[in-house]
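1. Give the three-dimensional model of this entry:
(4 chains)
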There are 2 protein chains.
Amino acid sequence: MGYLRDKKFLIDFGKNLKRIRVEKNISQAELAYSINVEISQISRLERGQLNSGIYSVFLIAKYLKVSPKELFDF
Amino acid sequence: MGYLRDKKFLIDFGKNLKRIRVEKNISQAELAYSINVEISQISRLERGQLNSGIYSVFLIAKYLKVSPKELFDF
DNA sequence: TTTAATATAAGCAAATTTGCTTATAATTAA
DNA sequence: TTAATTATAAGCAAATTTGCTTATATTAAA
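-> Down below sits the predicted model:
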């Protein structure tokens, strides 16, 4: 990640994702396994350490049974 | 992009982005220049050829003066 | 507390995106 | 039609994400 990147957006996104995932009682491992991505990706994404691609977001939203929109609703 | 990736989401996302951008009378070049990304990225993104990071989406939404949510509203 | 489950951390290779560039095609304006 | 603007295309290096792995820390349950 470029050093000039404003991380607030990524951190807020991650927090929102985590909130929704926890609300649905789904572990990082379950989510990761179900959509075929690595736990480490979910972990890093939730902590704002990763600028994931929109396709991963789409898969995550799908498994969490929310619209991708909702993951950006913060 | 992995060969198994379902491209429909990326293509739909791109179309929606293009629709919004054109509605606002903003060229790919203007958008790209304004948020410091390459025109080729915008072009590829709009055609669903690219799984851009959410941070780029955030920047794009910001310049287009829409919520990131709106880019996923399709 | 002790155990089990969950989450965070970090390193490395492979895959992908991004920046940069040049060229061509398509669209719009004159 | 012609010129100008805008969009698409493609190749390459650099940067970043992702997959894979092992290890540690935190949280929840017994």
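2. ok, the helix or strand hosting A:Asn16 near DNA strand C or not?
-> A:Asn16 is part of helix A:7-23 when elements are defined by DSSP states H and E. Yes - contact of helix A:7-23 with DNA strand C (CB under 7 Å from any atom of the strand) involves A:18, A:22. Bear in mind the C-beta positions are built from the backbone N, C-alpha and C, glycine included.
3. Return the distance of that helix from the chain's centre.
-> 6 Å (CA atoms, centre = their mean, to the nearest Å).
4. That helix and chain B, are they touching?
-> Yes - under the criterion of CB under 8 Å from any CB of the partner chain, helix A:7-23 makes contact with chain B via A:9-10, A:13.
5. other SSEs contacting that helix?
-> helix A:39-46, helix A:54-64, helix A:68-71, helix B:54-64 (3 or more CB pairs under 8 Å, 6 or more residues apart in numbering or on different chains; DSSP states H and E).
6. Residues in contact with it: which ones?
-> Residues outside helix A:7-23 that contact it (CB atoms under 8 Å, 6 or more residues apart in numbering or on different chains) are A:1, A:28, A:31, A:45-51, A:60, A:64, A:66, A:70-74, B:54-55, B:58.
7. after it, next one along is what?
-> Past helix A:7-23, the next helix or strand by DSSP H and E is helix A:28-35.
8. thinking again about what came up before, now the residues of helix A:7-23 next to chain B in a markdown table, with distance to B:Glu23 and neighbour count?
-> Converted to a markdown table, these look like this (distance: CB to CB, whole Å; neighbours: other CB atoms under 10 Å in any protein chain shown):
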| residue | distance to B:Glu23 | neighbour count |
| --- | --- | --- |
| A:Phe9 | 24 | 21 |
| A:Leu10 | 27 | 23 |
| A:Phe13 | 25 | 24 |
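9. and the helix holding A:Asn16, is it in reach of DNA strand D?
-> No - shown here: helix A:7-23 not in contact with DNA strand D (CB under 7 Å from any atom of the strand), separated by at least 8.0 Å.
10. What of stretch A:49-68?
-> Yes - interface with DNA strand D: stretch A:49-68 contributes A:50-53, A:56 (CB under 7 Å from any atom of the strand).
11. same for chain B: which of the residues you listed are within range?
-> Residues of the residues of stretch A:49-68 next to DNA strand D in contact with chain B (CB under 8 Å from any CB): A:51-53.
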